[in-house]
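Engineer: Sequence and predicted structure are below.
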Amino acid sequence: MYRESTIVNESASLPYNGGDEGDMIINVGPQHPSTHGVLHLIITLNGETVKKVDPNLGYIHRSMEKMCESLTYRQFIYVTSRMDYLSAHINNHCCALCVEKGLQLEVPPRAQVIRVLMDELTRLASHHLWWGAFAMDVGALTPFFLAFREREMINDIMEETCGTRLTMNYMVPGGVMADLHPDFQKRVHEFIAHFKKKIDEYDELITDNIIFQNRTKGIGYISKEDAIAFGMTGPSARGSGVQCDIRKLYPYEVYDKLQFDEIIETGGDCFARYMVRMKEMKQSISIIEQLIDNIPEGDFQAKTKAVLKLPKGEFYSRVETARGELGVYIISEGATTPYRIKFRSPGYCNLSALDHMAKGQKIGDLVAIMGALDLVIPDIDR
Amino acid sequence: MSFIKNYLNDVWGAVKSLATGMKLTSQYAIHHKKEKITQLYPDNRDTLLLPERFRGEVVLIHDENNEHACTGCTACEIACPNGSIKIITKFDITPEGKKKKALDTFVYHLDMCTMCNLCIEACPTDAIKMDQTFEHSVTDRNDLIKILNKPGSRIRDGVE
C-alpha cells in the first residue's frame, strides 16, 4: 500500500494578513493571460520565492448543478458542454452514460464506436490546444499557431458531423444525435496522415529544446502519494506515476476491446506531465486508427421514450476527459427532472495541488506549473 | 571546473536548439504559400461554404406557395432548455366547419438560443431546421427576437 502522505495540515490562515514581515502579497488574475481564464491567485512571495498560493474561485460560477435540476434528462446534457469546453464531447458522454445507466438502456454498437471516436478526437484537439498554450506560457509563440492548425482540422471534422465546433451537444441518451457525415472517414484519414507528419515537428520545436527542458525539469514536483492525497487525476497525476486512467480501470463503451497503453511517467515534474500528454496524443491516434475502418453498421440511436423518467435511486458514471476523471452523480426521485446532480470535475482537484507544487519555486515557474496542470477555469467553477 | 564546463554545455545546447527551432520557423516563413490555412474573411464571403449541418439559427421552412409544415404542437417549445421558442396558437375553421388548432406566431429568441439542436430533433413534422447564417450581430437586442412564420403563410395541406 501507499506510504502515508507528507502533506501537513496547516491551519487555515487568511491570505491577506498572514505571513512574516518582508513578505509580499500579489494578485495574479482574475484577468491575466497566463491563467487561461478568470482564475485569481493570491500569492505570498518572499523575494522571488513563492511561499503560498491561494486560489480564489467563483468568478465564473454559473450554478450549473442547480440549473440542471430544473432541466429534463434530455435537456441537461447541453449545459455540461460549458463546463470543460475543450472536452465538451466527453462531458456530454458522461451525462449520457449516467442517464443510460438509470434507464438500463442498451446503446447500439455503431453509436458506441462513434462516441469513442469523437471522444478521442476531442482529446486530441484539447491536447493540441494545451500544447500550444503551454509553450506560449513558457515563452515560445510559434507552437501556438502550429497547434491551432491541427486543431482546426479536428474542429472542421466536428463541424461537419455535429454542426458546431466547440459545444457540440452530439450525445443524447441512447446514442448520438445524427449519423456520421459521409465524408467523416475520409477526413479523419487525412487528419491522421497530416498529424503523423507534423508530430515530429512538435518534438523538434519543444520537446528536444534545452531551454524548455530547463524550464520544466524538476519544476513543480509532486510525489505519487501526494498526488493521490490531493485527488489528482488524468495526465497530471499520471506524470507522478499514479495509475488512474478510467478507460483502463473501469472501461466504458468499447474501450475494453481496444489496444492502447496507459501512459505513466514517474518524474512527477512539469516535464513528466508534458511527456504524458505528448504520448497520449499518439495513443489517441492509434485508437482512432483501430476504429475508423471498423465502424459497425446499424442504428446510431436506441429507441427511447419521448419523455425520459429515471427510476428512484442514485446513479454514478465516470469517464476520462482530457484533464482527468469526470464523474456525474444523479439522484432521482422518479420524476422527469433530476432531484440532485453533482459533477466531480478533474480541474478542481488538480488545482488544489497547485499550492503544494509551487511552494519554494520561483514566481516565473508558477506559470509553467499552471500550464502543465492544463487548467480550464469554467471546469473548476462550474 | 566541471561547473563551468556544464554551464558552457548548457549554453551551447540552448543555442543549438534555438537554431533548430528558428530553422523550422523560417521554413514556414519562406514556404508559407504552400500551406495557407488562413481564410480572408470577410473578403471570401461569397465563396465561403459551411457544412450543411452547421447550426446557425432556427428557421421555419417555407415552400414557394408560402406554406409551412408547423402544426403548432409546441413540441419544440417543450424541448427547448432555455425558453427561446414561444409558439402562439389560434383556431382555424376548417371547410367542414370544425375548429382546428394552428400556428399563429412562431416567436424565436435568438439572443437566448444556444444552438443545441434539441428543437429540431423534437419536431414531429420536420417544419424547422438549422440555417447556415452566422452573422447575427445587431445594434439592438430586440432585433434578435424574430417571428419565423412569414406574413400570410399557412400550413401545407396534408400535414397533421
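Structural biologist: Received the coordinates, thanks. Numbers count the residues shown, from 1 in each chain, chains lettered A, B, ... in the order given.
Engineer: got a list of what residue A:138 touches?
Structural biologist: Taking CB atoms under 8 Å, 6 or more residues apart in numbering or on different chains, we find residue A:138 in contact with A:212, A:215, A:216, A:367, A:368, A:371. For every residue, glycine as well, the C-beta is placed using N, CA and C.
Engineer: where's the fourth one, which helix or strand?
Structural biologist: This means residue A:367. According to DSSP states H and E, residue A:367 maps onto helix A:363-373.
Engineer: quick one: the next helix or strand after that helix to chain centroid distance?
Structural biologist: Where DSSP H and E defines the elements, the next helix or strand beyond helix A:363-373 is helix A:377-381. Relative to its chain's centre, helix A:377-381 lies at 11 Å (CA atoms, centre = their mean, to the nearest Å).
Engineer: same question, stretch B:31-48
Structural biologist: On CA atoms, centre = their mean, the centre of stretch B:31-48 falls 21 Å from the chain's centre.
Engineer: for stretch B:120-127, same thing?
Structural biologist: Distance, stretch centre to chain centre, for stretch B:120-127: 17 Å (CA atoms, centre = their mean).
Engineer: From start to finish, how long is that stretch in a straight line?
Structural biologist: 8 Å (CA to CA, to the nearest Å).
Engineer: cool, and stretch A:176-191?
Structural biologist: 22 Å.
Engineer: What are the buried residues along that stretch?
Structural biologist: A:176, A:177, A:178, A:180, A:181, A:184, A:187, A:188, A:191 (16 or more other CB atoms under 10 Å in any protein chain shown).
Engineer: Using TSV, please lay out those together with secondary structure and distance to chain B.
Structural biologist: Shown next, in TSV, are those (DSSP: H, G, I helix; E, B strand; the rest coil; distance: CB to the nearest CB, whole Å):
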residue	secondary structure	distance to chain B
A:176	strand	11
A:177	coil	6
A:178	coil	7
A:180	coil	11
A:181	coil	7
A:184	helix	11
A:187	helix	11
A:188	helix	15
A:191	helix	13
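Engineer: Please name the residues that touch the residue nearest the centre of chain B.
Structural biologist: Geometric centre of chain B, nearest residue: residue B:56, 2.0 Å, by CA atoms, centre = their mean. Residues near residue B:56 by CB under 8 Å, 6+ apart: B:50, B:115, B:130, B:131, B:132, B:133, B:134, B:136.
Engineer: And residue A:139, how far from residue B:136?
Structural biologist: Taking CB to CB, to the nearest Å as the measure, residue A:139 falls 38 Å from residue B:136.
Engineer: How about residue A:51?
Structural biologist: For residue A:51, the distance to residue B:136 - CB to CB - is 49 Å.
Engineer: Pick out whichever of these two has more residues nearby.
Structural biologist: residue A:51 (19 against 12; other CB atoms under 10 Å in any protein chain shown).
Engineer: ok, now which ones touch that one?
Structural biologist: So residue A:51 contacts A:19, A:23, A:44, A:45, A:359 (CB under 8 Å, 6+ apart).
Engineer: Tell me the secondary structure at it.
Structural biologist: strand (DSSP: H, G, I helix; E, B strand; the rest coil).
Engineer: Tell me, what's the model's pLDDT at it?
Structural biologist: Reported pLDDT at residue A:51 in the predicted model: 87.
Engineer: Roughly how far does it sit from chain B?
Structural biologist: According to CB to the nearest CB, to the nearest Å, residue A:51 and chain B sit 28 Å apart.
Engineer: again, but for residue A:349
Structural biologist: Per CB to the nearest CB, residue A:349 is found 28 Å from chain B.
Engineer: Ok, residue A:145 next?
Structural biologist: For residue A:145, the distance to chain B (CB to the nearest CB) stands at 9 Å.
Engineer: ditto for residue A:306
Structural biologist: 8 Å.
Engineer: Could you do residue A:364 as well?
Structural biologist: Relative to chain B, residue A:364 is positioned 16 Å away (CB to the nearest CB).
Engineer: Surely residue B:62 is within a helix?
Structural biologist: No: according to three-state DSSP, residue B:62 belongs to no helix; its state is coil.
Engineer: now the angle from the helix of greatest length in chain A to helix A:363-373?
Structural biologist: When chain A is parsed with DSSP state H, its longest helix is helix A:109-137. Angle, helix A:109-137 to helix A:363-373, by axes from the mean of the first three to the mean of the last three CA atoms, to 10 degrees: 170 degrees.
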